[in-house]
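Undergrad: Fold the following for me, if possible:
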Amino acid sequence: MKKIFLLLVIFLGFLAPIIAQDSTETPEVPKQKFARATFNATKLINFQTTEIVSPGALQFMISHHFSNIWNKDGGSQNVAQLFGLNSGVAHTYLSFDYSPTTFLNLGLAAAGSSKFEGWAKLKLLRQQTGVKNVPVSVALYTMAHVNAAKDPENGFVGNKFSYLTQLLIARKMSDKLSLQLSPTWIHFNLAPYGTNNSNEVFSLGLGAKYKVKSNLNLTFEYARQFNMYENIITKSGAIINYNPDLLSAGIEINTGGHLFQFYIGSTTDASNIDQLSRNNSSIKDGNFAMGFTINRSMNVRKDK
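TA: Presented below is the predicted three-dimensional model:
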């Protein structure tokens, strides 16, 4: 009995420091984990993403949208034009953007056909888990667009401004899949003629990225225009009907120094303003066009 009692005292002697240590230990605080590379670029195909370039980095981007691969009345001419690649029509988009901080991106672009754009993108929320759980990343994108081209009916139009505002809501669902919702509002300072005209155009976009490999992604976009696409009357009396559906799919290839994006979509326009409010390509008529984007970023600010 004495031996059992002695062993019990020795055991409790060893256990006491452990019990004391456990009683004074504070619970471990979970580490904050941020979602990274929800998308691999500031643009998915045609539309902006919640991503911005790193602070102090300057990004150069060049995009080409070719003519439609096939026109239903084109016949053998479609083959002669190499399915839109040799048609003599290519809308080019050249842009530079810079991030002065971790949450702000500023940019300028030549959008083709005497069109110019300037924008700002503000990152509002970042998807994260830990002490603070945020299920989505959110950014606000606002862009001003000016068309300095000559109108064949009215001559030079110097005040043909329009504005685009998007709320970008994205979630990285897994290591492979990312999704984004993009409600969009476009404002024209001059409304077109017609019974269905308006200074405001509203649409909703959906984007997706699926990672196949570390350097290869599949991309998808769809947008639906909600108003001002039927029976728009020009000053000459012509009636125009636009196509409210915009569909695109592509691939992204990351070489480390450059990001190459190749895609096919139901638009030949380079600017989001034209794509989301004046799209002339019809999905039901098979009006799809090829395009590509080359993306290059470089650090121009020296770290202190």
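Undergrad: Show me the longest strand that occurs in the protein.
TA: In the chain, assigned by DSSP state E, the strand with the most residues is strand 200-213.
Undergrad: Mind checking what helix or strand follows that strand in sequence?
TA: Remark: after strand 200-213, the chain's next helix or strand is strand 216-225, criterion DSSP states H and E.
Undergrad: what's the angle between that following strand and strand 200-213?
TA: Taking axes from the mean of the first three to the mean of the last three CA atoms, to 10 degrees, strand 216-225 and strand 200-213 form an angle of 160 degrees between their directions.
Undergrad: Strand 216-225 packs against which elements?
TA: The contact analysis (3 or more CB pairs under 8 Å, 6 or more residues apart in numbering; DSSP states H and E) places strand 216-225 against strand 200-213, strand 245-254, strand 259-265, helix 272-277. C-betas here are computed from N, CA, C, even on glycine.
Undergrad: Mean pLDDT, distance to Ala35 and mean neighbour count for those - can I get that in JSON lines?
TA: Converted to JSON lines, those look like this (pLDDT from 0 to 100; distance: least, CB to CB, whole Å; neighbours: other CB atoms under 10 Å):
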{"stretch": "strand 200-213", "mean pLDDT": "97", "distance to Ala35": "13", "mean neighbour count": "18"}
{"stretch": "strand 245-254", "mean pLDDT": "96", "distance to Ala35": "18", "mean neighbour count": "18"}
{"stretch": "strand 259-265", "mean pLDDT": "94", "distance to Ala35": "19", "mean neighbour count": "19"}
{"stretch": "helix 272-277", "mean pLDDT": "93", "distance to Ala35": "25", "mean neighbour count": "25"}
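Undergrad: one step back: the longest strand of the chain pairs with which strands, parallel or anti?
TA: Using DSSP bridges, the neighbouring strands of strand 200-213 in the sheet come out as strand 177-188 (antiparallel), strand 216-225 (antiparallel).
Undergrad: ok, and what's touching the helix or strand containing Trp119?
TA: Under the criterion DSSP H and E, the helix or strand holding Trp119 is strand 115-125. Strand 115-125 is contacted by residues 42, 48, 50, 52, 95, 97, 102-111, 134, 136-149, 271, 273 when judged by CB atoms under 8 Å, 6 or more residues apart in numbering.
Undergrad: among the residues you listed, which ones are buried?
TA: Among the contacts of strand 115-125, those that count as buried by neighbour count (16 or more other CB atoms under 10 Å) are 42, 48, 50, 52, 95, 97, 105, 107, 109, 111, 136-139, 141, 143, 145-147, 271, 273.
Undergrad: Of those residues, which belong to helices?
TA: In this view, the buried ones among the contacts of strand 115-125 that belong to helices under DSSP state H are Ile273.
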